[in-house]
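1. Sequence and predicted structure are below.
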Amino acid sequence: MPRRIAFAAAFALIAVACAGGVDNSAPGEESNPTMTDPPPTDPLPTNASDEASEPVLPFGPSALDTRDSTEFPEPLVDPAEIISGGPPPDGIPPIDDPVFVTVAQADQYLSDAEPVVLLEIDGDARAYPVQVLIWHEIVNDTVGAVPVSITYCPLCNSAVSYIREVRGVETTFGTSGRLFASALVMYDRATESLWTHFDGRAVVGMLAGDSLEPIGSPLVAWEDFKEAFPGGQVLDRDSTGFSRDYGRNPYVGYDDQDGTPFLFRGALDDRARALQRVVGVTIGDDAKAWTIGAVSSGEASATHSQVAGQEIVILWVAGQASALEDSFVDEGRDVGSVGVFSPEVDGQSLTFEVQGAVFVDTQTASTWNVLGKATDGPLAGTSLERIPHLDTFWFAWSTYQAGSAIIEG
């Protein structure tokens, strides 16, 4: 079929544009990517005689150079399953000094349906266009005075943001040039330990077992961002410091639910198709995924559910293009935008219904958008508490959240 032909033709470009790797297993050998619980970690040594001493990270070998040093804590994954590939560390260059433009300036080249990553901290709202992230995968930034890393993995179709502090020490993250289970593997520049983008855990290296604090950063349509945050900031594609064909998709045809994950090793969870889009939510020890078909309908849809006994509402609205389907990131089919929230406001649990392309709660008749903000009615100006979720492919979610329930539509 044409998509598969186009994807095959783009194979060489993908190998450069993503953190692709080479399968180093012996002939006939197959390994299943597995995640394990973090081993206990020793507390960071401190100088008891100096209460004001600065936090210090452990010193040791770089996991970029070796993955089996006896100085490393026990790894969380089999190091052999971390595939080493073509690009060297930061061969896919992160953006370390991001420059921003206004919404009006960005609107000159961003299409309404184009996907962007939204991050808002203490009123500081920023959009990171996928047309830029698809070539860089990591942006090290400071938002609302909080040091953060915004990460995007094209191969697993997921955007995740983290506070870039480890044991009280601020650092930045780079691309390692490696994959685990067809997903981006990052490294911190303080100890050069390897971290999985998908769940923010150090899996190999001196910090193995540590975790980053995630911050909700959903993928939304540019139109949704600019309407909600007219005074927001947008990552400037003309000031990245690199020359890339921004706007073009080097993964043509990859968003095909009947396709196969790139360089995935091992068995796939066959409860859904590997490249089927899902919305994943984890609260405590409970994880659930909904296929897009289960939470989308018409112009908009509101789905009430529970995770770990906590009430949630999944809001979906049409209007966001798939970045990974056609030649340009704004030309893919409409997959819509998702927001996941607690429906509770001031101790009252709200029930949401759909009126056209907006949401209305039945308790106060206030109108809400997909970003969880009341735009009209008695609760105008109120924001729902965002529950971090992932827009991703089923193979990625089921690898990192093995045994997760899945709800299909």
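-> Everything's here; your move.
2. Using the three-state scheme, assign V354.
-> Put simply, V354 is strand when judged by DSSP: H, G, I helix; E, B strand; the rest coil.
3. thinking it is in contact with V295, fair?
-> No - in this structure V354 lies outside contact range of V295 using CB atoms under 8 Å: 11.9 Å. All C-beta spots, glycine's among them, are computed from the backbone N, C-alpha and C.
4. Pick out whichever of these two has more residues nearby.
-> Neighbours were counted for V354 and for V295 using other CB atoms under 10 Å; V295 has more, 21 against 17.
5. Would you mind measuring from the more buried one to W368?
-> 16 Å (CB to CB, to the nearest Å).
6. can you check G339 too?
-> Distance from G339 to W368, counting by CB to CB: 9 Å.
7. mind listing what's buried in stretch 309-316?
-> Buried positions in stretch 309-316, judged by neighbour count with 16 or more other CB atoms under 10 Å: I312, V313, I314, L315, W316.
8. hmm, back to that, intersection of neighbour lists for V354 and V295?
-> Residues touching both V354 and V295 (CB atoms under 8 Å, 6 or more residues apart in numbering) are S301.
9. does the residue nearest to the spatial centre of the chain count as helix, strand or coil?
-> Central residue of the chain (CA atoms, centre = their mean): A159, 1.9 Å from the mean position. Three-state assignment for A159 (three-state DSSP): strand.
10. mind listing what it touches?
-> V117, V130, L133, I150, T151, Y152, C153, S217, P218, L219, D391.
11. same thing but at 10 Å, please
-> Residues in contact with A159, defined by CB atoms under 10 Å, 6 or more residues apart in numbering, are 115-119, 128, 130, 133, 150-153, 197, 217-219, 390-392.
12. what does G381 give?
-> So G381 contacts S366, K373, A374, T375 (CB under 10 Å, 6+ apart).
13. Go through the contacts of A159 and flag which are in helices.
-> In helices, judged by DSSP state H, the following of the contacts of A159 are found: V130, L133.
14. taking the contacts of A159 one by one, which sit in strands?
-> 115-119, 128, 150-153, 219, 390-392 (DSSP state E).
15. just these now: which is nearest E170?
-> Nearest to E170 among the ones in strands among the contacts of A159, counting by CB to CB, is I150 at 15.5 Å.
16. Write down the beta-bridge partners of the closest one, one by one.
-> I150 has these beta-bridge partners by DSSP bridges: V139, S161.
17. correct me, but it touches T142?
-> No - the pair I150 / T142 is not scored as a contact, 11.2 Å apart, by CB atoms under 10 Å.
18. any residues in contact with both of these two?
-> P98, R164.
19. okay, now A405: neighbour count?
-> A total of 12 residues lie near A405 under the criterion other CB under 10 Å.
20. Same list (the contacts of G381) but as TSV, adding pLDDT.
-> Listed next are these as TSV, based on pLDDT from 0 to 100:
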residue	pLDDT
S366	98
K373	96
A374	97
T375	97
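21. what's the most distant pair in the residues you listed?
-> Distance extremes for the contacts of G381: the farthest pair is S366 and K373 at 10.2 Å, using CB to CB.
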